[in-house]
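>>> make a model of this:
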Amino acid sequence: MSCNTFYSIQAVATPDNIKSIYWRMNRSFDTKGRDLEFYVDFSTDSLGGWEELNTGTPIIDQCVFVDSDKRRYNMVSDIWYRVRALLIDPNGIEPNIEIESQPCQVQGALSDKTYIIGKAILKGLYKKLKKGGGQQGFLLKRRIWGERCANCTDFDVETVINAHCPICYGTGIVGGYHEGIEFWVMPSLVRNRQRRPTELGTMDDYSINAECAAYPWIDAYDVWVDAKTNERFLIKAVSSVIELERKPIVLNLSMVKIANTDASMDIPIASPTETFENENVVTEELSPITDKFPVSDIEVIKSDQASEDKGWRRGLEGDDW
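Next up is the predicted model:
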């Protein structure tokens with residue numbers, strides 16, 4: 001099948017050389033009742049020689065893969081990823097259908113120097129996050145493709161007619177949101193409140209702005225969850241704070257607090273790690289950060305439980321890039 005089935009694929013790297021690959025399918029993508037598995041491949045050449053990275057462990061119901069192997073090669077120019085979607089007949093009668101994405105490079109093929117500058121900027125941001133300025137949380141990516149929810153969508157125009165549906169959480173797609181990705185933000189000191197009348201009485205509209213790294217990609221109507229308080233914020237707008245070669249590095253999020261009565265408050269979230277281990281305080285050498293998506297055997301939280309870098313050359317010091 002055509003790779004046009006994939007809407008986009010993106011590979012990004014953290015300052016400690018952890019690669020994260022994100023993808024999404026076109027809205028019209030339909031599994032037609034087949035089981036769907038994803039596999040991520042790595043190569044040093046976009047034309048071939050692919051190595052499957054998650055052999056024996058298919059990615060199911062998720063849109064992210066973390067490659068923790070540190071690959072140097074020729075800076076970023078020799079690092080390529082692709083994603084394969086495998087459609088499997090649950091009855092074992094029809095042959096499997098495989099769909100390949102276009103290959104992509106880390107950080108959108110930034111030049112080597114610009115890549116190091118971006119890494120230095122992110123290193124400074126992570127230091128600020130760890131030293132008390134950041135808030136730990138989870139990013140819930142809103143589903144834009146998948147099985148339509150028959151419980152709350154209009155048959156003819158497929159619009160959502162029940163914003164409180166427990167099956168799709170008001171998105172119109174079964175499941176509503178992808179599994180939470182651990183995600184840190186740095187909220188601004190300004191928090192805006194505005195009181196408004198509703199059917200349930202007068203409520204506060206509570207909005208904040210926050211800076212974050214530009215990965216994974218973030219869309220309007222995604223949801224950010226505060227790991228400590230379980231407060232949930234709808235992302236209303238996303239804008240670039242820092243760009244290099246037209247590639248966003250740091251973003252600003254405009255977010256509005258979600259009411260406790262909203263269906264998205266019932267989405268289960270995995271417990272976060274206790275600390276943000278993106279660097280060693282003594283040596284200031286980076287070690288793996290905690291942006292891996294949660295695993296299934298850890299505690300679930302429900303709603304009712306309720307520095308600036310001095311130059312790009314610093315990015316060259318002591319890093320295995």
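
>>> show me the beta-bridge partners of residue 39.
Beta-bridge pairing for residue 39 (DSSP bridges): residue 84.

>>> I'd assumed residue 82 was in contact with it.
No: between residue 39 and residue 82 there is no contact under Cβ atoms under 8 Å: 9.3 Å. Where C-beta positions appear, they are placed from N, C-alpha and C, glycine not excepted.

>>> could I get the average pLDDT for stretch 253-268?
For stretch 253-268, mean pLDDT is 89.

>>> so which bits of it are buried?
Judged by neighbour count using 16 or more other Cβ atoms under 10 Å, the buried positions of stretch 253-268 are 253, 254, 255, 256, 257, 258, 259, 262, 263, 264, 265, 267.

>>> got it, and stretch 126-139?
Neighbour-count burial for stretch 126-139 flags 126, 127, 129, 130, 134, 135, 136, 137, 138, 139 (criterion: 16+ other Cβ under 10 Å).

>>> now intersect those with the strands, please.
Using DSSP state E, the subset of these located in strands is 135, 136, 137, 138, 139.

>>> tell me the one of the residues you listed nearest residue 26?
residue 139 (21.6 Å; Cβ to Cβ).

>>> on the three-state scheme, residue 116 is what?
helix (DSSP: H, G, I helix; E, B strand; the rest coil).

>>> give the burial count for residue 35, as a bare number.
The criterion is other Cβ atoms under 10 Å. On that basis, residue 35 has 13 neighbouring residues.

>>> ok so, going back, any chance of the buried residues of stretch 253-268 in CSV, with distance to residue 118 and secondary structure too?
Shown next, in CSV, are the buried residues of stretch 253-268 (distance: Cβ to Cβ, whole Å; DSSP: H, G, I helix; E, B strand; the rest coil):
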residue, distance to residue 118, secondary structure
253, 19, strand
254, 23, strand
255, 24, strand
256, 29, strand
257, 31, strand
258, 32, coil
259, 37, coil
262, 36, coil
263, 37, helix
264, 32, helix
265, 36, helix
267, 32, coil
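
>>> what's the closest of those residues to residue 5?
If you rank these by distance to residue 5 using Cβ to Cβ, residue 267 comes first, at 26.7 Å.

>>> next, the residue nearest the centre of the chain: phi, psi?
Centroid check for the chain by Cα atoms, centre = their mean gives residue 216 as the closest residue, at 3.8 Å. Main-chain dihedrals, residue 216, degrees, to the nearest 10: phi -60, psi 170.
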